[in-house]
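>>> Following is a predicted model, sequence given first.
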Amino acid sequence: LEKSELLRDGDFEKYKVFKDIRIIGVLGITKSVLPELAVFVYYEDDTVEVVPTRIVALKAPVVSHA
C-alpha cells in the first residue's frame, strides 16, 4: 500500500502521533476497541491513546529508548 492509502480523513486531527508529543512505548495490542488492529500508545505527557497499527507503523515505526 502507498502511504496515502494508509491515512484516512481525520487521521491527522484525531491521533496524537501527528503532534509533537514523543511516544514512550506501546503498552499492548487490541482488536476489541477499534474495528481494526490497534495499539495502546503511551506518550511523554503520561497519556495513553488507542491508535490503529497502520498509523503507528507509518508515523512512528521505531520507538527510541533515548
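Perfect, I can see it now.

>>> Could you pull out the helices in this structure for me?
3-6, 11-14, 53-59 (DSSP state H).

>>> closest to Ile21 out of those helices?
Among the helices of the chain, the nearest to Ile21 by C-beta to C-beta is helix 53-59 (11.5 Å). Just so you know, the C-beta spots here come from the backbone N, C-alpha and C atoms, and that holds for glycine as well.

>>> which other helices and strands contact that closest one?
helix 3-6, strand 38-43 (3 or more C-beta pairs under 8 Å, 6 or more residues apart in numbering; DSSP states H and E).

>>> you'd agree Val33 is up against Val50?
Yes - using C-beta atoms under 8 Å, Val33 is in contact with Val50, at 4.9 Å.

>>> Please say which of those two ends up with more neighbours.
A count of neighbours by other C-beta atoms under 10 Å puts Val50 above the other of Val33 and Val50, at 15 against 11.

>>> contacting residues for that one?
Thr30, Val33, Leu34, Ala38, Val39, Phe40, Val41 (C-beta atoms under 8 Å, 6 or more residues apart in numbering).

>>> So among those, which ones count as buried?
Ala38, Val39, Val41 (16 or more other C-beta atoms under 10 Å).

>>> Looking at the residues you listed, which is nearest Phe18?
Closest to Phe18, out of all of those and judged by C-beta to C-beta, is Val41, at 11.8 Å.

>>> The closest one and Gly25: what is the separation?
Separation of Val41 from Gly25 (C-beta to C-beta, to the nearest Å) stands at 8 Å.

>>> can you check Lys19 too?
Computed as C-beta to C-beta, the Lys19 to Gly25 distance reads 17 Å.

>>> re the thing from before, where among the helices and strands packed on helix 53-59 is average confidence lowest?
Ranked by mean pLDDT, the helices and strands packed on helix 53-59 bottom out at helix 3-6, which scores a mean of 64.

>>> Quick check: pLDDT value at Asp9.
For Asp9, pLDDT reads 68.

>>> In space, what's closest to Lys31 - neighbours in sequence excluded?
Spatial nearest neighbour of Lys31, chain neighbours left out: Leu37 (5.3 Å); criterion: C-beta to C-beta, 6 or more residues apart in numbering.
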